[in-house]
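Asker: Just a sequence and a predicted model for now, questions to come.
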Amino acid sequence: MISEPHFPSQQELNDLVRYMGLTKSNAELLTSRLKQWNLLDSSCRCSLSRKRHERFSRYFSVAGSLCFCSNVDNLFEEIGIAHDPKEWRLFIDSSSQSLKCVLLNNGNQYPSIPVGHSVQMREDYKNVKFLLESINYVRYNWQLCGDFKMIGFLKGLQGGYTKHSCFLCLWNSRADTEHYSRKDWPERTFFVPGTQNVKHDPLVDSEKILMPPLHIKLGLVKQFVKAMNKDGDGFQRISALFPFLSEAKKKAGIFTGPQVRLMLQCKELENKMTMREAEAWKAFREVVNFFLGSKRSDDYKVLVNNLMEEYEKLGCCISLKMHYLNSHLDFFSPNMGDVSEEHGERFHQDISDMERRYQGRWSCNMMGDYLWSIIREDFSVHRRKSRKQNHF
């Protein structure tokens, strides 16, 4: 049976352009050719793609080298969703190209919404403070997530290898002999610049900070690999998994999230390890699957304690990331997958294409263009999708 020809409407054409990730000029070219061949609805316009950013760019402003959202509530209203600050978390981080501030939905049902972007601002206390003031953080009081370097900036802590690097207690990072035997440390009750490794006034309350499961996972892998026998079959199998990674990074245990997932999926890896390494790796995998992810086991405390015991037997040092597991389990969220910073890390990849397109012209237009790309106008069901992407 021959079906009737379908002439896409403007909404269907816009979603096709989003799925294909076309630039404004390529979208205009596609529309022009399809209209020339009489394959579009008469309502479609070629020129609409030129100004597609204007719908959202008007909610952004520029102050110095920072482009930020000047009215978050109106931006959410324009997108078409209600803004409840309790359902969103703020992610601040920098890549090799730019400093980014993104709102992530708790439960990750919606795509990331950028509220701040700069290619010139460094990741330091002064710039983070300016960023929070620009987006009016005091008004919304979102929960915050990021790596431990960012948490240090938010709490005004001194950077580097300091004695008291934990923002919850006065953990002595240099007392190596006490790290495994002692869990309870004096609570950090005040933040006074010049004392207890506090350098600046804190920018947020400690209760608003979310533990970063991704970076804790990377820290656990780092300590595990550093304690492995570098001449053993286990380490050699890890090296074979990443042939293009430098030997220095492999020996230092510096891996990314996707690389750690690949290691966890490799069934052969555990068979290549020594008995001691295999037991520690099993304990790590159980903590990742039943505590640091979307599933929390009822006996998660037993799993974490087993992890610490196996790491001690292997000879791993306790880093700051491991200290939070060892001493502050109650501070972790009930569902780490719903509030993970991993979705914020993915935003670096999502917006990288936009940064390349707007090379040298990073402004409100780029932010508006990105937000246009994550909106969906046509909700009809298609049998096959070319791209897997969340939309509003």
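Answerer: Arrived safely, thanks for sending.
Asker: Kindly format the C-alpha coordinates of the lowest-mean-pLDDT helix or strand in the chain as CSV.
Answerer: Within the chain, no helix or strand scores below helix 342-350, which has a mean of 83 by mean pLDDT, DSSP states H and E. Provided in CSV are the C-alpha atoms of helix 342-350 (Å, rounded to 0.1, in the frame of the first residue of the first chain):
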residue,chain,number,x,y,z
GLU,A,342,28.3,13.3,35.8
HIS,A,343,25.5,14.9,33.8
GLY,A,344,27.2,18.2,34.2
GLU,A,345,30.4,16.7,33.0
ARG,A,346,28.6,15.6,29.9
PHE,A,347,27.5,19.2,29.2
HIS,A,348,31.1,20.0,28.3
GLN,A,349,30.6,17.7,25.3
ASP,A,350,27.1,18.9,24.5
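Asker: List the buried residues for that helix?
Answerer: Buried residues in helix 342-350, counted by 16 or more other C-beta atoms under 10 Å: Glu342, His343, Gly344, Glu345, Phe347, His348, Asp350. C-betas here are computed from N, CA, C, even on glycine.
Asker: Kindly report the same for stretch 280-300.
Answerer: For stretch 280-300, by 16+ other C-beta under 10 Å, it's Ala280, Trp281, Ala283, Phe284, Glu286, Val287, Val288, Phe290, Phe291, Leu292, Arg296, Tyr300.
Asker: ok, and what's touching it?
Answerer: Stretch 280-300 has contacts (C-beta atoms under 8 Å, 6 or more residues apart in numbering) with 213, 216-217, 220-221, 224, 264, 269-270, 273, 303-304, 306-307, 309-311, 313-314, 316, 325, 329, 332, 334-338.
Asker: Pull out the buried residues from these.
Answerer: Buried members of these, counted by 16+ other C-beta under 10 Å: 213, 216-217, 220-221, 224, 264, 269-270, 273, 303-304, 306-307, 310-311, 314, 316, 325, 332, 336-338.
Asker: May I ask you to confirm that Arg376 is in contact with Glu12?
Answerer: No: using C-beta atoms under 8 Å, Arg376 is not in contact with Glu12, being 10.7 Å away.
Asker: Compare these two and say which one has the larger neighbour count.
Answerer: Glu12 (18 against 15; other C-beta atoms under 10 Å).
Asker: Can I get the buried residues of helix 342-350 in CSV including distance to Lys86?
Answerer: Shown next, in CSV, are the buried residues of helix 342-350 (distance: C-beta to C-beta, whole Å):
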residue, distance to Lys86
Glu342, 21
His343, 18
Gly344, 18
Glu345, 23
Phe347, 21
His348, 26
Asp350, 24
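Asker: closest to Gln97 among those?
Answerer: The closest of those to Gln97 turns out to be His348 (C-beta to C-beta; 8.2 Å).
Asker: Ignoring the adjacent residues along the chain, who's closest to the closest one?
Answerer: Distances taken as C-beta to C-beta, 6 or more residues apart in numbering put Ser95 closest to His348, at 4.6 Å, once the chain neighbours are dropped.
Asker: Looking at that neighbour now. What's its pLDDT?
Answerer: With respect to pLDDT, Ser95 scores 81.
Asker: Now the phi/psi pair for it, please.
Answerer: phi -110, psi -170 (degrees, to the nearest 10).
Asker: Kindly provide the distance from it to Asn141.
Answerer: Computed as C-beta to C-beta, to the nearest Å, the Ser95 to Asn141 distance reads 26 Å.
Asker: same check, this time on Met336
Answerer: 21 Å.
Asker: What of Ile375?
Answerer: Distance from Ile375 to Asn141, by C-beta to C-beta: 27 Å.
Asker: so how many other residues sit close to Val72?
Answerer: By the criterion of other C-beta under 10 Å, Val72 has 22 neighbours.
Asker: my guess is it meets Ile135, correct?
Answerer: Yes: using C-beta under 8 Å, Val72 is in contact with Ile135, at 6.9 Å.
Asker: what is in contact with those two at once?
Answerer: Val115.
Asker: Now do the helices in the stretch 51-200 of the chain.
Answerer: All helices of the stretch 51-200 of the chain, identified by DSSP state H, counting those that start in this stretch, fall at 54-57, 72-79, 125-134, 137-140, 148-154.
Asker: hang on, I meant the stretch 251-392 of the chain
Answerer: 257-265, 267-272, 275-290, 300-314, 320-327, 342-350, 352-357, 364-373.
Asker: Quick one: those as TSV, columns for distance to Cys44 too.
Answerer: Converted to TSV, the helices of the stretch 251-392 of the chain look like this (distance: least, C-beta to C-beta, whole Å):
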stretch	distance to Cys44
helix 257-265	39
helix 267-272	52
helix 275-290	48
helix 300-314	54
helix 320-327	53
helix 342-350	27
helix 352-357	23
helix 364-373	17
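Asker: which residues of the stretch 101-250 of the chain fall in strands?
Answerer: Applying DSSP state E, counting those that start in this stretch to the stretch 101-250 of the chain gives strands spanning 113-118, 143-145.
Asker: which residues of the stretch 201-350 of the chain score low on pLDDT?
Answerer: For the stretch 201-350 of the chain, no stretch is flagged by pLDDT under 70.
Asker: With the stretch 1-150 of the chain instead?
Answerer: 1-2.
Asker: rerun at 50
Answerer: For the stretch 1-150 of the chain, no stretch has pLDDT under 50.
Asker: what about the residue nearest to Thr274 when sequence neighbours are not counted, distance to Arg50?
Answerer: The spatially closest residue to Thr274, leaving aside those adjacent along the chain, is Gly232, at 6.2 Å (C-beta to C-beta, 6+ apart). Noted for Gly232: a distance of 60 Å to Arg50, by C-beta to C-beta.
Asker: I'd say Ser327 and Pro186 touch.
Answerer: No: Ser327 lies out of contact with Pro186 (C-beta under 8 Å); the separation is 11.2 Å.
Asker: now, which of the buried residues of helix 342-350 sits nearest Cys67?
Answerer: Using C-beta to C-beta, Phe347 is the member of those that lies nearest Cys67, at 15.0 Å.
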